[in-house]
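A.B. asks: structural data only, the sequence is not supplied:
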């Protein structure tokens, strides 16, 4: 029988016991039921077997070390071995075992504390989620209670409900859009159920107060000073509103007021929306003030009914205006200096004045050959006023009815006025028509103001071809009325400058072109017959010469070329010489 060294036998027995204990611990840990599935297996293992496994492992390792290093078969060291006393070695072994056990305990305590921390954090998160859920549930309950008040038959209850919805929208960040939508839907329902034009309807008074309150509070919350209501799209289609002053509102992506009813004034400042707004079939009991926003490409005001005045203003109308079948009790003012889109006012009824263009500066409809249409076909108005237009539109007054004032305006394109009823008055003082002026079957006033009227050959031929009662007033006017033929070619200064371009400096030419272009943009209607205009041209040539330091001979050469080519009156030069 083989005798195994005691040291080797001890190492083998300890190793086997360590392996068995670790296997048992692992099996117990895998079957342990815990609340957190991702906990380390060391936390699930029983502590005593785990410590014993570590101790047996250390003893087996120590026995193996003695056998290999010192050939100590019975734990007895050779006399030649330079090592410590066996008692000290045993003490070291015990201390190492205790240290290993302590390390296991500390690791287990650390893992246990970490697991408990995660558990506490998870509990806190679940508590926060539960609190948020409870808070949301409470807000939803308040929302349904407020909506139930809005459905009440009594106006005072609905006002209370609207207050609750507004306050709820201030608190409920996730439900702001929902609160806005329900209030707008409520206003839409009031519009459908209430006859605001019936004076006998006693309930309408309470509803008006309700509408006024909701409108004021909604617009206050949509203002830029109140960022809590982050509403981007203003869908007010088919609603009823009180005084709708959007002065504090800006940056909406869209605003739709189609088919709505405004119980007061409507004010829409510049920048209220980024895209075009919709005002189709709006009914307004007060005035309408709209400031054109440069980003708009169009504006639809078709079939608006306004009890007051409509004012659409801005520096430039940068898109098309569709405003057919308007019904306005006051005036319609389109106060722009420049128009870059068509204006369609066909079939409209304006009891006051229609004023198109700036009241203080010259207005222009497009530039060059671009044709901007202004149509008032079959419209009726008190007076249509288009004064001081330096470059007029393609004008259509066919079938229109009312006084017409086109004084001091130039019309480079055709003016159609078939069946125009201008028996209330027609003012054409210093108006200029470069293209056809058609008045077939028109009804004009007995006294037509035509002082300084200028007609091109096309305009005169179109009048002669038209059939209307006072045609002879244009064809063979009395002596007191002077109708002047006009050259429709315009102020063609460039051809005159080309004649002298090779004889003067390039700098002088550049300054002349800059100044002549500025004059041509605001050309007087009777520029060919005004000495003051000739003086203006000669003065600008002198200023251009001073800028370019041109000699007097070059200055006189340019002046003579302009005067001869443009047939400017010669008396102007004498007047300039005297100055």
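C.D. replies: All right, it came through fine. None of these values were measured; they are calculated from a predicted model.
A.B. asks: contacts, neighbours, all on C-alpha from now
C.D. replies: Fine.
A.B. asks: run a quick neighbour tally on the residue nearest to residue 254 when sequence neighbours are not counted.
C.D. replies: Excluding the flanking residues, the one nearest residue 254 by Cα to Cα, 6 or more residues apart in numbering is residue 233, at 5.2 Å. By the other Cα atoms under 10 Å criterion, the neighbourhood of residue 233 contains 14 residues.
A.B. asks: pretty sure residue 233 is touching residue 255, no?
C.D. replies: Yes - here residue 233 lies in contact with residue 255, judged by Cα atoms under 8 Å, at a distance of 6.4 Å.
A.B. asks: please name the residues that touch the residue nearest to residue 254.
C.D. replies: Residue 233 sits next to 252-255 when contact means Cα atoms under 8 Å, 6 or more residues apart in numbering.
A.B. asks: the helix or strand that contains residue 179 - what's its average pLDDT?
C.D. replies: Per DSSP states H and E: residue 179 is located in helix 176-193. Here helix 176-193 scores 87 as its mean pLDDT.
A.B. asks: adding neighbour count and secondary structure, write the contacts of residue 233 out as CSV.
C.D. replies: Output for those, formatted as CSV (neighbours: other Cα atoms under 10 Å; DSSP: H, G, I helix; E, B strand; the rest coil):
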residue, neighbour count, secondary structure
252, 18, strand
253, 15, coil
254, 16, strand
255, 20, strand
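A.B. asks: rewinding a little: name the residues of the helix or strand just after the helix holding residue 179 that are buried.
C.D. replies: Next helix or strand after helix 176-193 toward the C-terminus (DSSP H and E): helix 203-222. Buried residues in helix 203-222, defined by neighbour count with 16 or more other Cα atoms under 10 Å: 204, 207-208, 210-216, 219-222.
A.B. asks: packing partners for helix 203-222?
C.D. replies: With contacts taken as 3 or more Cα pairs under 8 Å, 6 or more residues apart in numbering; DSSP states H and E, helix 203-222 sits against helix 155-171, helix 176-193, strand 240-241, strand 244-245.
A.B. asks: could you rerun that using 7 Å?
C.D. replies: Here helix 203-222 touches helix 155-171, strand 240-241, going by 3 or more Cα pairs under 7 Å, 6 or more residues apart in numbering; DSSP states H and E.
A.B. asks: distance from the chain centre to the first one, please.
C.D. replies: On the basis of Cα atoms, centre = their mean, to the nearest Å, the separation between the geometric centre of helix 155-171 and that of its chain is 29 Å.
A.B. asks: now do stretch 416-425
C.D. replies: Taking Cα atoms, centre = their mean, the mean C-alpha location of stretch 416-425 is offset from the chain mean by 42 Å.
A.B. asks: give me the helices and strands touching whatever helix or strand residue 23 lives in, please.
C.D. replies: Here residue 23, judged by DSSP H and E, is contained in helix 6-31. Helix 6-31 is packed against helix 47-70, with contacts defined by 3+ Cα pairs under 7 Å, 6+ apart.
A.B. asks: the helix it packs on to helix 6-31, inter-axis angle?
C.D. replies: Relative orientation of helix 47-70 versus helix 6-31 (axes from the mean of the first three to the mean of the last three Cα atoms, to 10 degrees): 150 degrees.
A.B. asks: sorry, back to before: can you list the buried residues in the helix holding residue 179?
C.D. replies: By 16+ other Cα under 10 Å, the buried positions in helix 176-193 come out as 176-177, 179-180, 182-188, 190-191.
A.B. asks: separation between residue 175 and residue 245?
C.D. replies: 25 Å (Cα to Cα, to the nearest Å).
A.B. asks: what of residue 184?
C.D. replies: Residue 184 sits 16 Å away from residue 245, going by Cα to Cα.
A.B. asks: which residue sits closest to residue 320 in space, ignoring its chain neighbours?
C.D. replies: When the adjacent residues along the chain are set aside, residue 320 lies closest to residue 341, with 4.2 Å between them (Cα to Cα, 6+ apart).
A.B. asks: what confidence value was assigned to the one you found?
C.D. replies: Here, the pLDDT recorded for residue 341 equals 92.
A.B. asks: report the secondary structure state of it.
C.D. replies: Put simply, residue 341 is coil when judged by DSSP: H, G, I helix; E, B strand; the rest coil.
A.B. asks: same check on residue 290?
C.D. replies: Using three-state DSSP, the structure places residue 290 in strand.
A.B. asks: low-confidence stretches in the stretch 101-250 of the chain?
C.D. replies: For the stretch 101-250 of the chain, the stretches flagged by pLDDT under 70 are 101-137, 139, 199-204, 224-228.
A.B. asks: can we see that at 90?
C.D. replies: For the stretch 101-250 of the chain, applying pLDDT under 90 flags the ranges 101-186, 189-210, 217-235, 247-250.
A.B. asks: who touches the closest residue to residue 423 other than its chain neighbours in this structure?
C.D. replies: Leaving out its chain neighbours, the residue that sits closest to residue 423 by Cα to Cα, 6+ apart is residue 445, at 4.0 Å. By Cα atoms under 7 Å, 6 or more residues apart in numbering, the contact set of residue 445 is 422-426.
A.B. asks: quick one: those residues as TSV, columns for pLDDT, secondary structure and neighbour count too.
C.D. replies: Listed next are those as TSV, based on pLDDT from 0 to 100; DSSP: H, G, I helix; E, B strand; the rest coil; neighbours: other Cα atoms under 10 Å:
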residue	pLDDT	secondary structure	neighbour count
422	93	strand	24
423	91	coil	17
424	92	coil	16
425	92	coil	17
426	93	strand	23
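A.B. asks: just curious, which of the residues you listed is nearest to residue 466?
C.D. replies: Nearest to residue 466, judged by Cα to Cα, of the contacts of residue 445 is residue 422 at 15.4 Å.
A.B. asks: quick one: the closest one and residue 403 touch, right?
C.D. replies: Yes - between residue 422 and residue 403 there is a contact under Cα atoms under 7 Å: 5.1 Å.
A.B. asks: which residues of this structure fall in helices?
C.D. replies: In the chain, the helices defined using DSSP state H lie at 6-31, 41-44, 47-70, 86-150, 155-171, 176-193, 203-222, 457-465, 472-475, 493-500, 506-521, 531-548, 552-566, 571-578.
A.B. asks: off-centre distance for stretch 264-273?
C.D. replies: Distance, centroid of stretch 264-273 to centroid of chain: 13 Å (Cα atoms, centre = their mean).
A.B. asks: show residues contacting that stretch.
C.D. replies: By Cα under 7 Å, 6+ apart, stretch 264-273 touches 242-247, 249-255, 284-293.
A.B. asks: one more pass at 6 Å, please.
C.D. replies: Applying Cα atoms under 6 Å, 6 or more residues apart in numbering, the contact partners of stretch 264-273 are 242-247, 249-254, 285-293.
A.B. asks: narrow those to those that are buried.
C.D. replies: By neighbour count, with 16+ other Cα under 10 Å, the contacts of stretch 264-273 hold 242-247, 249-252, 254, 285-293 as buried.
A.B. asks: quick revisit: backbone dihedrals for the residue nearest to residue 423, please?
C.D. replies: phi -70, psi 160 (degrees, to the nearest 10).
A.B. asks: check it and give its pLDDT.
C.D. replies: Predicted confidence (pLDDT) for residue 445: 85.
A.B. asks: other SSEs contacting the biggest strand by length in the chain?
C.D. replies: What stands out as the longest strand in the chain, according to DSSP state E, is strand 349-356. Applying 3 or more Cα pairs under 6 Å, 6 or more residues apart in numbering; DSSP states H and E, one finds that strand 349-356 contacts strand 327-328, strand 332-335, strand 380-385.
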